[in-house]
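1. Provide a 3D model corresponding to the input given below.
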Amino acid sequence: MTSKPSIFVVGAPKCGTTSLCAQLAAHPQVFFPAVKEPFFFGSDLSGRFARPLEEYLRLYDAAADRRAADGSVFYLRSEKAAREIRAFNPDARVLVLIRRPLEMMHSLHGQMLHNLDEDIADFEQALAAEDERRAGRRIPDGCRHPYALAYTEMANYAPQIRRYFEVFGRDRVWVHRFEDLLQEPQEAWSSLTAFLGLEDVPVRVRLLNPRSLPRSVWLKRFVRDERAQRVANKLVPFWWRAPLARLVERANSRAIPRPTMSRALIDRLAGELEPEVRTLGNLLQLDLTDWIERPVTWQ
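-> The predicted structure follows:
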């Protein structure tokens, strides 16, 4: 019998969700499919893996009596995903990780470069292009997630989280800071397992999905090509596709050092983001003073 997903890790991107999903996947009571981000919901966003409901549910055929989970980080950005998920499963539990906005934006820019969804290598120049991109201009060819190029909007967490509070109620939405997950992993894990009603087991946090670039841009483009994917789908059994894709992705990635930002850029963006951080703190009833006073921690 196929399990219906009841745990949704909805975002935000570059906030530790890959590590959190890996921890949950290791729990004996939780099942994640081979496809890390099914991205079935969020019908207002491009880049979804549009497929029939039956095919989405097939991903969970092996869940047995475990709690099925979906970890698709753009669900948080979507204006429709919250209601679509609730219509699908009213008993769903929603998990959100957040991070200092400026760090998240900078890291997301690096991920978009890696994925070939971004073609402006300089972060400050990419920010300067946001208005044009919102108008549909200067979008890289083949970009699957053009809305993610609006980095400042992606880091404006308050309205995104508020949507989930309004749809599910606060008691069904778990929000945690990336920094606290790193500094107090067992405390965060105990909070999460209690929220999900899971057995509390020891946990070791490992940061996954570090900053990287493709070794071969040609191979990256080939793997993303729709025609190549159609051929691969005919030749490769369904259950081998995701593991094979991950193997190719790892082999074709090379870690790179994090680029620095100028002090002037940090100070300017910190001032621009401060009102949004204060709004978020009020929404979550959480002291985010350190996000304002120390907008980045890795300079």
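
2. going forward, measure contacts and count neighbours with C-alpha atoms only.
-> Noted.

3. if I look at the closest residue to Arg48 other than its chain neighbours, how far off is Arg77?
-> In this structure, Arg48 finds its nearest non-sequential neighbour in Phe39, 5.5 Å apart by C-alpha to C-alpha, 6 or more residues apart in numbering. For Phe39, the distance to Arg77 equals 12 Å [C-alpha to C-alpha, to the nearest Å].

4. look at these two and report which has more neighbours.
-> Higher neighbour count among Phe39 and Arg77: Arg77, with 27 against 23, using other C-alpha atoms under 10 Å.

5. for the residue nearest to the more buried one when sequence neighbours are not counted, give its distance to Leu76.
-> Nearest non-adjacent residue to Arg77, counting by C-alpha to C-alpha, 6+ apart: Gln160, 6.2 Å away. Counting by C-alpha to C-alpha, the separation of Gln160 from Leu76 is 6 Å.

6. comparing those two, which residue is more hemmed in?
-> Higher neighbour count among Gln160 and Leu76: Leu76, with 26 against 20, using other C-alpha under 10 Å.

7. give me the phi and psi for the more buried one.
-> phi -70, psi -40 (degrees, to the nearest 10).

8. can I assume it is in contact with Arg162?
-> No - using C-alpha atoms under 8 Å, Leu76 is not in contact with Arg162; the gap is 10.1 Å.

9. what mean pLDDT does the longest helix along the chain get?
-> Assignment by DSSP state H gives helix 263-284 as the longest helix of the chain. For helix 263-284, mean pLDDT rounds to 96.

10. chain center to the very next helix or strand once past that helix, what's the gap?
-> Following helix 263-284 in sequence order, the next helix or strand is helix 289-293 (DSSP states H and E). The chain centre lies 23 Å from the centre of helix 289-293; the measure is C-alpha atoms, centre = their mean, to the nearest Å.

11. for helix 289-293, packing partners?
-> helix 263-284 (3 or more C-alpha pairs under 8 Å, 6 or more residues apart in numbering; DSSP states H and E).

12. output the helix it packs on as CSV - backbone C-alpha positions only.
-> Presented in CSV, the C-alpha positions along helix 263-284 are these (Å, rounded to 0.1, in the frame of the first residue of the first chain):
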residue,chain,number,x,y,z
ARG,A,263,31.9,45.5,3.6
ALA,A,264,30.0,48.3,1.7
LEU,A,265,27.7,45.7,0.1
ILE,A,266,27.1,43.9,3.4
ASP,A,267,26.3,47.2,5.2
ARG,A,268,23.9,48.3,2.4
LEU,A,269,22.0,45.1,2.2
ALA,A,270,21.8,44.7,6.0
GLY,A,271,20.1,48.1,6.2
GLU,A,272,17.7,47.2,3.4
LEU,A,273,16.8,43.9,4.9
GLU,A,274,16.5,45.1,8.5
PRO,A,275,12.7,45.9,8.3
GLU,A,276,12.0,42.5,6.9
VAL,A,277,14.0,40.8,9.7
ARG,A,278,12.1,42.7,12.3
THR,A,279,8.8,41.8,10.7
LEU,A,280,9.8,38.1,10.8
GLY,A,281,10.9,38.3,14.4
ASN,A,282,7.5,39.7,15.3
LEU,A,283,5.7,37.0,13.3
LEU,A,284,7.7,34.2,14.9
